[in-house]
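Participant: 3D model of this:
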Amino acid sequence: MPCHPIDRSSRELYRRVTRDTEFHGEQLCQGDRVLMMFWAANRDPRAFRDPETIDIHRTNNRHMAFGLGPHRCLGSHHARLMFTTLLRGIITRIPDFAVQWEGVERFEDCGSVYAVRHLPVTFTPGKRLPDT
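Facilitator: Model prediction:
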């Protein structure tokens, strides 16, 4: 099978093929770019039981959301702390919130990121907290 040109306009994470080879029936030529789909690795059922379910108590959670090794995001620990604080506040303050999935809209051009443009939720309003 002949090599085919790559769309150079994409903004995804690629690696260069160093020598002609075949991989799972696809011919790869030296110089070709191969898309690294880290987000797909996070959904591998061989690595994660029920990978499409959000499970905040999941153990053995060796995901690649923040990269790995020397390419790990420097802000990953800060992001985890912020997200934990956010979730704790939401679950404590509005425990009955529900996402209205039919109204969820994603940004069209965000590559492998699940970027949400519109996220409608419902919940029972509680007593207003004082401004801090």
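Participant: Of all the residues in the lowest-mean-pLDDT helix or strand in the chain, which ones are buried?
Facilitator: The weakest-scoring helix or strand in the chain, judged by mean pLDDT, DSSP states H and E, is helix 38-41 (a mean of 75). For helix 38-41, burial by neighbour count (16 or more other C-beta atoms under 10 Å) applies to 38, 41. Placement of C-beta: from N, CA and C, glycine included.
Participant: Following element in sequence after it, please.
Facilitator: Sequence order places helix 76-93 as the next helix or strand after helix 38-41, per DSSP states H and E.
Participant: on contacts alone, who are the packing partners of that following helix?
Facilitator: If contacts are counted by 3 or more C-beta pairs under 8 Å, 6 or more residues apart in numbering; DSSP states H and E, helix 76-93 sits against no helix or strand.
Participant: Quick check: mean pLDDT of it?
Facilitator: Mean per-residue pLDDT for helix 76-93: 92.
Participant: got a list of contacts for that helix?
Facilitator: 56, 66-67, 73, 97, 126, 129 (C-beta atoms under 8 Å, 6 or more residues apart in numbering).
Participant: in the chain, which ranges drop under the pLDDT threshold?
Facilitator: By pLDDT under 70, the low-scoring segments of the chain are 1-12, 111-112.
Participant: ok, and the most crowded of the contacts of helix 76-93?
Facilitator: Phe66 (15 neighbours; other C-beta atoms under 10 Å).
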